[in-house]
Structures are given as C-alpha cells and as structure tokens.
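> please work out how this folds:
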Amino acid sequence: MGMLPPFFLSSLLVTVIFILVILNSPNPLKVMSKRDLDQKLALIKPPNTTFQGDHDEILNCDLFKGHWIPDLQGSQYTNSSCTTIPTSKNCFHHGRKDTDFLNWRWKPDQCDLPRFDPKTFLEFVQGKKLAFIGDSVARNHMESLLCLLSKVETPKDHYKDSEDRKRIWYFPGHDFTLMILWTKFLVDGEERVVNGSSSGIFDLHLDKIDKEWSRDLPALDYVIISDAHWFFRPIYLHDDTGVVGCVYCNSPNVTDFGVGFALKMAFRSALNYINRCKKCKVRVTLVRTFSPAHFENGAWNTGGRCNRTSPLSEGEINLSSNEWELRSLQMEEVEKARIEGDKKRKRFEVLDITRAMLMRPDGHPGEFWGNKWMKGYNDCVHWCLPGPIDVWNDFLMAILRREAALVS
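Below is the predicted model of the structure:
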C-alpha cells in the first residue's frame, strides 16, 4: 500500500478533532459560543507558555476582561517542589483532596495571556529590588511569586523581623531582592487600648504614611501596593485638623463615610507620597486591586464557608458588588496618580485582578488551613498555593513587559 497523500492526512486530522469536539459537547446540535469554543480548543492546543507571544497583541489587549478556560498543564509548581509555602496556604498538606481547581487558566477576550516564565522574569529584574506593600494577601502574592522563581534559582532567606512581617529574599545569581513590607492601612494606624486591652478600634492618620514601608521606599525599583481587608472594622479617620469621619463607629457628631472612602483616602495618601518622593527611584508602581473573599452561608465568624471546586462563569458574578466598588475606587486613584506621575517620569499601573478572582471561589484554603487556634473557622480570604493566585504573576509579567516597551 502506498503512502497516503498529505492532503488526505490533514483532512483526517481535522475530522478527528471535529468528532472529538462533537462527542464532548453536551448538545452536539447546539451552536457553540466563543467561550465554549475557547474551552474546547484549550484542551487540544496548549497556551503560549513563554513570554514570546505576539508583542503588539499584549500591548493593546485588555488583559483583565476575560474568563477561565480548562488548562491540562495545571500549576507550574507543587506543594512538594516549593519549600517556602507557608503552612496556612498549603491546602493539600491539610487534607484538601480535589485538584481540578488547578486546571484552569485565564483567557483574556482579546488575546492570550502568556504563562509566567521565571527565567525571563529574573533576567528582567536582574540587579533590582521589588517589594510588595500591603497586608497578608499581599504576602500571599509574594509567596506565589517566590514559588515560581524558585524553579530557576533557590533564594536566600535574607531577613525576617521579630514578628515575621517584613521579609526579604535574595537571588544571588541575579542580584535580585524580593521583599514584603507589611502594613495594615498604608497610612499610620494605631489600635486603641482600653483598660490595658486591645479594643479593635483604630485611629487612622490620613496625613501620615506608615513608616513600616515608607522608610524602605528609596531603595526600591518596583513596587506592588495593595490593601483593603483591615478597613472592615471600627475606624476613626484623622487629618492634621483632627477627626474628620469614621467607619463603623456609630458615634454622634462623627460622619460614617464607609469603607470605600477610608480605603480611597489611604491609597491617595500612599500614591501621592510615592509621586512626591524626590529621593525615590521607583521605576513602576503597580496597584493590585481588591482581592474578593468568598464566604457563603455566613460570615467568617458565623459559619461562612468556601467549599466550591470549580470557577464561576462571567454571568455568575456581580459587578455591582461592594468588592467591585472598592476596585473602582482604587482604579480612580491610580488614574489620578498616573496624571501627576507623567509630569515627573514616574509610572503607575494596575494589576486589576478583581474580575478574574470574583470567579474563583474554589481557590481559598477554606477549612484546609491548619490553624489550631481557630478550628471550625474557614479562610475564604487568602488563596491556596499552588492555586488561582498564581495568575497574578502572569499579569505582573505582562504588565512589566508592557511598561518596558513603552519606555524603550
């Protein structure tokens, strides 16, 4: 029997793929939507796995508007291969059995988002210092990046303060420093002490920046700033004239402006400080937008849980929610900072993760976080490692690439 002609082989391959798509469709006669087609093709054609995608496509694409599609490649690391995962984010160690939540990737509507390439990233930041500034979710992001970079080079644990809040890692092969600068509110905040005990009530001084991060700012090249979850508690807001408002205070003669106002003013103060810092050399400041929690059937202290095992669709999320409102306020403050920064050759950008993460109630530790002091409570705020949070570093790399192209 002679060799089959190339045209016949190509036709046969197309026919086989078509049959597979039809057989895996719940309704073969239904016209497939673009999203359905993306999901089917993702199982046949793997995504671009490096930083070498279409240059113009990444520059002009809205990376943050899209949906989650299946990805059989899964995570780039495991809880065994990454030794720096903190126990509270090591969900598999604490008994989580399902793994399907790892098999999804973010697909922007207008382009493909390249997977994070640790080798290229380390080459890009060689000789530089990058800091995450924010709360424990900011640290969660840093820990994800640490796991990804550790595939190429094992970092040195360079510094840890007495409370393990400021942490510095150093990659000697690339002279790259990665750090977390922990702050509750970005601005100066103090908890009131009543009869020698913590009250849970805070005083925020909107005209004063938290020195826990500002003192390190002059040495940094890249900053990723975020915050939000500490603002959901009783707070009195101060400026240089005294109390100007509150959050959850129920005090006579003091206006309760709500969480959004307090968060907006804190970000405004922080971004203004970066813009006006004459001794700072920060190349790019990125604001990471609000990371949503997913408590269902109760709050964190009333039995709320997050035990889903797959993403939500675009139609299942609420873009009129409080989470989206907080994200929008952050976006407004970034735009104001960008306008002022352009006059001073300072770059401000956004890691707009809110929409993508509203769709990922399956990515939290939930009951699998191993906190012996809070048994019976679920962590539906932070993110499992590995997990959906790793896409934040896909975004990070794409944004840094975009910024490099704009200034070159």
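
> for the closest residue to Ile274 other than its chain neighbours, give me its contacts.
Setting aside the residues directly before and after it, Ile274 is nearest to Thr285 in space (C-beta to C-beta, 6 or more residues apart in numbering), at 5.5 Å. Every C-beta, even on glycine, is put in place using the N, C-alpha and C of the backbone. Contacts here follow C-beta atoms under 8 Å, 6 or more residues apart in numbering; on that basis Thr285 touches 223, 225, 271, 274, 337, 341, 346-349.

> any idea how far Thr285 is from Cys147?
Counting by C-beta to C-beta, to the nearest Å, the gap from Thr285 to Cys147 is 24 Å.

> before we move on, what about Lys346?
When C-beta to C-beta is the yardstick, Lys346 and Cys147 sit 30 Å from each other.

> when those two are compared, which one has more neighbours?
Neighbours were tallied for Lys346 and for Cys147 using other C-beta atoms under 10 Å; the higher tally belongs to Cys147 (25 against 21).

> wait, a helix at that one?
Yes - assessed with DSSP: H, G, I helix; E, B strand; the rest coil, Cys147 lies in a helix.

> correct me, but it touches Leu385?
Yes - using C-beta atoms under 8 Å, Cys147 and Leu385 qualify as a contacting pair, with a distance of 6.3 Å.

> now do the shared contacts for those two.
Shared contacts of Cys147 and Leu385, defined by C-beta under 8 Å, 6+ apart, are found at 82, 85.

> now do the lengthiest helix in the chain: distance to the chain's middle.
Counting residues, the longest helix found in the chain (DSSP state H) is helix 322-343. Taking C-alpha atoms, centre = their mean, to the nearest Å, one finds the center of helix 322-343 at 16 Å from the center of the full chain.

> what pairs with the helix or strand just after it, and is each one parallel or antiparallel?
Proceeding C-terminally, helix 322-343 gives way to strand 347-351 as the next helix or strand, assigned by DSSP states H and E. For strand 347-351, the paired strands and their directions (DSSP bridges) read strand 284-288 (parallel).

> just the CA trace of the partner strand, in PDB.
What follows is strand 284-288, C-alpha atoms only, in PDB (Å, rounded to 0.1, in the frame of the first residue of the first chain):
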ATOM      1  CA  VAL A 284       7.000  51.400  38.200                       C
ATOM      2  CA  THR A 285       4.300  51.400  40.900                       C
ATOM      3  CA  LEU A 286       1.600  48.800  40.500                       C
ATOM      4  CA  VAL A 287      -1.700  48.900  42.400                       C
ATOM      5  CA  ARG A 288      -3.200  45.400  42.800                       C
END
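
> quick one: it to helix 322-343, angle?
Orientation check (axes from the mean of the first three to the mean of the last three C-alpha atoms, to 10 degrees): strand 284-288 against helix 322-343 gives 170 degrees.

> for the record, mean pLDDT for strand 284-288?
In this model, strand 284-288 carries a mean pLDDT of 97.

> quick one: the helices in the protein, in order.
Listed in chain order, the helices of the chain (DSSP H) span residues 6-23, 34-44, 55-60, 118-124, 136-149, 211-214, 258-276, 322-343, 354-358, 391-407.
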